[in-house]
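Q: this one's sequence-less:
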């Protein structure tokens, strides 16, 4: 089984580990304070992915509104099943505010769940990070970043570094006082030093851009 636990002790160890990397990290961790990363591991992968896509490239308030209109199509349910989502007329879902490409991705996730491509939560706990990335990015419209956010927030994996994330690269530029942010490839190489606490490292780097 892939171990993915998160606790106060884990957060404290991660902060201490990162602070010990060098003076810049020590200063940044001290300025930010304790790691308050809070995953939300209760959701099934199917639901988590649909929600993630719904919020892509939107402010939280806009994402809340669109997702709220989608859920209103299924009164009495916390969240529609894959079959329910697929048997709903796409025009009704499109009217919630989804772009055609985003709706196609959401319906593709539902189909992939029915086909067994999207694992159940129990199955997901047995899969490695990279196996999860490879499987879920086979769904049209799902990129590596989306899967990495899923691994961080839904699966509570502790060693994920989304190297394509602007906030991660810009955060590193700021704590290191660089003129130019590192490339994803450079962050990947630099980030090897942050393992096995790369999720906490990403959380601290995001704080640098706030």
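A: Great, that's in hand. Just so you know, these numbers come straight off a predicted model, no measurement behind them.

Q: The helix or strand harbouring residue 131 - contacts with which helices or strands?
A: Remark: residue 131 resides in helix 129-136, with elements defined by DSSP states H and E. Under the contact definition 3 or more C-beta pairs under 8 Å, 6 or more residues apart in numbering; DSSP states H and E, helix 129-136 sits against helix 144-153. Glycine gets a C-beta too; all of them are placed from N, C-alpha and C.

Q: Report the mean per-residue pLDDT for the helix it packs on.
A: Averaging pLDDT along helix 144-153 yields 93.

Q: Show me what it is in contact with.
A: Here helix 144-153 makes contact (C-beta atoms under 8 Å, 6 or more residues apart in numbering) with 37, 39-40, 45, 48-49, 52-53, 56, 129, 132-133, 136-137, 157, 160-162, 164-165, 199, 202.

Q: give me phi/psi at residue 154?
A: Per-residue torsions, residue 154: phi -100, psi -40 (degrees, to the nearest 10).

Q: Now do the contacts for it.
A: Residue 154 is in contact with 39, 40, 41, 43, 45, 48, counting by C-beta under 8 Å, 6+ apart.

Q: now the residue nearest to the fourth one when sequence neighbours are not counted: how far from residue 34?
A: The shortest distance from residue 43 to any residue that is not its chain neighbour, by C-beta to C-beta, 6 or more residues apart in numbering, is 5.7 Å, and that residue is residue 154. Between residue 154 and residue 34 the distance, using C-beta to C-beta, to the nearest Å, works out to 22 Å.

Q: got it, and residue 180?
A: For residue 180, the distance to residue 34 equals 30 Å [C-beta to C-beta].

Q: Have a look at those two and say which one is more surrounded.
A: residue 34 (11 against 7; other C-beta atoms under 10 Å).

Q: Which other helices and strands does the helix or strand containing residue 91 contact?
A: Using DSSP H and E, residue 91 maps to helix 90-94. Secondary-structure packing of helix 90-94 (3+ C-beta pairs under 8 Å, 6+ apart): helix 100-114.

Q: Remind me what the helix it packs on packs against, helices and strands.
A: helix 45-55, helix 82-87, helix 90-94.

Q: worst average pLDDT in these?
A: Of all those, mean pLDDT reaches its minimum on helix 45-55 (a mean of 92).

Q: Any stretches of this protein with poor pLDDT?
A: 1-8 (pLDDT under 70).

Q: Give me the domain ranges for it.
A: Using automatic domain parsing, the domain ranges for the chain come out as 8-39+159-207, 45-153.

Q: Please report phi then psi for residue 15.
A: phi -60, psi -40.

Q: That one and residue 184, how far apart?
A: 25 Å.

Q: the more surrounded of the two?
A: Set residue 15 next to residue 184 and count neighbours by other C-beta under 10 Å: residue 15 wins out with 21 against 15.

Q: quick one, what contacts the more buried one?
A: 29, 34, 35, 200, 204.

Q: buried ones in the helix holding residue 131?
A: By 16 or more other C-beta atoms under 10 Å, the buried positions in helix 129-136 come out as 129, 132, 133, 135, 136.
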